[in-house]
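Student: make a model of this:
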Amino acid sequence: MIRTSVIVACAISLVICFVLPIGSLLIMSGKKHRIVRAFFVGALAFVLSQVVTRIPLITFVLPTMNWYIRLSLDPVAYGLFLGFTAGLFEEIGRFLLIGLLMKNNRRYVDGLAFGFGHGGIEAILITGVSLINLLVLFISINSGTFDALMANTNTTTANAVYQQCLAVTPLNMALAGIERILA
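Tutor: Predicted structure coming up:
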């Protein structure tokens with residue numbers, strides 16, 4: 001049984017992941033700053049730099065290379081590599097899209113809007129979608145429908161997912177929302 005406090009913390013973090021970026025867009029747009037373009041260019045920068053290029057490269061191409069396989073076995077080196085490549089791809093994406101699509105949008109508020117768009121779509125696509133999946137798993141465990149939900153999954157994997165869900169704490173769930181606020 002998943003504790004109510006875990007489900008509540010998950011739901012709060014989920015709300016943060018969607019409300020913070022959408023709310024920032026609405027608030028900044030409402031002040032007649034004309035920042036919608038900058039916001040969506042920021043979102044596009046994240047999608048192109050991470051979702052379209054880096055994540056598929058790390059998921060599908062690099063695992064076929066011996067050096068990458070060896071690197072992935074060292075948690076510290078692998079973490080540094082992933083952090084470095086995330087920063088590299090994001091900075092190149094920001095540089096290119098700001099240079100190409102925001103030549104006339106160089107105000108301070110445009111930079112803020114770009115950042116909210118970039119971080120906002122990351123919060124929605126990466127953290128928000130993951131939290132939706134977790135919330136569905138939590139509710140299915142508590143309602144007794146977990147086995148039906150995982151019917152097409154092998155037993156070992158289903159058991160591992162179940163045990164991991166039981167181990168989640170309210171702090172784990174709250175940290176997702178806190179990290180998104182800080183980012």
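
Student: what's the pLDDT at the most centrally placed residue in the chain?
Tutor: Nearest to the geometric centre of the chain sits I126, at 2.1 Å (C-alpha atoms, centre = their mean). Looking at I126, its pLDDT reads 94.

Student: for it, what are its contacts?
Tutor: With contact set as C-beta atoms under 8 Å, 6 or more residues apart in numbering, I126 has no partners. Where you see a C-beta, it was placed from the backbone N, CA and C, and this is true even at glycine.

Student: now do the SS call for it.
Tutor: Taking DSSP: H, G, I helix; E, B strand; the rest coil as the rule, one finds I126 in the helix state.

Student: how far away is it from L62?
Tutor: 19 Å (C-beta to C-beta, to the nearest Å).

Student: what do you get for I16?
Tutor: 32 Å.

Student: counting neighbours, go ahead and name the busier of those two.
Tutor: I16 (22 against 16; other C-beta atoms under 10 Å).

Student: from what I can see that one touches A183, true?
Tutor: No: using C-beta atoms under 8 Å, I16 is not in contact with A183, being 10.9 Å away.

Student: so how far is V47 from the residue nearest to the centre of the chain?
Tutor: Taking C-beta to C-beta, one finds I126 at 11 Å from V47.

Student: likewise for I181?
Tutor: Counting by C-beta to C-beta, the gap from I181 to V47 is 21 Å.

Student: of the two, who's got more company?
Tutor: V47 (16 against 12).

Student: and what about that one, helix, strand or coil?
Tutor: V47 ends up helix, using three-state DSSP.

Student: how near is it to S140?
Tutor: Applying C-beta to C-beta to V47 and S140 gives a distance of 30 Å.

Student: over to L62?
Tutor: L62 is 34 Å from S140, by C-beta to C-beta.

Student: all helices of the protein, in order?
Tutor: Along the chain, counting by DSSP state H, helices occupy 4-30, 36-46, 55-56, 66-72, 75-101, 108-122, 129-143, 146-149, 155-167, 170-182.

Student: can you add mean pLDDT and give these back as CSV?
Tutor: Below are the helices of the chain laid out as CSV (pLDDT from 0 to 100):
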stretch, mean pLDDT
helix 4-30, 94
helix 36-46, 96
helix 55-56, 96
helix 66-72, 94
helix 75-101, 96
helix 108-122, 94
helix 129-143, 96
helix 146-149, 92
helix 155-167, 95
helix 170-182, 94
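
Student: now for L101: which residues touch it?
Tutor: 37, 41, 44.
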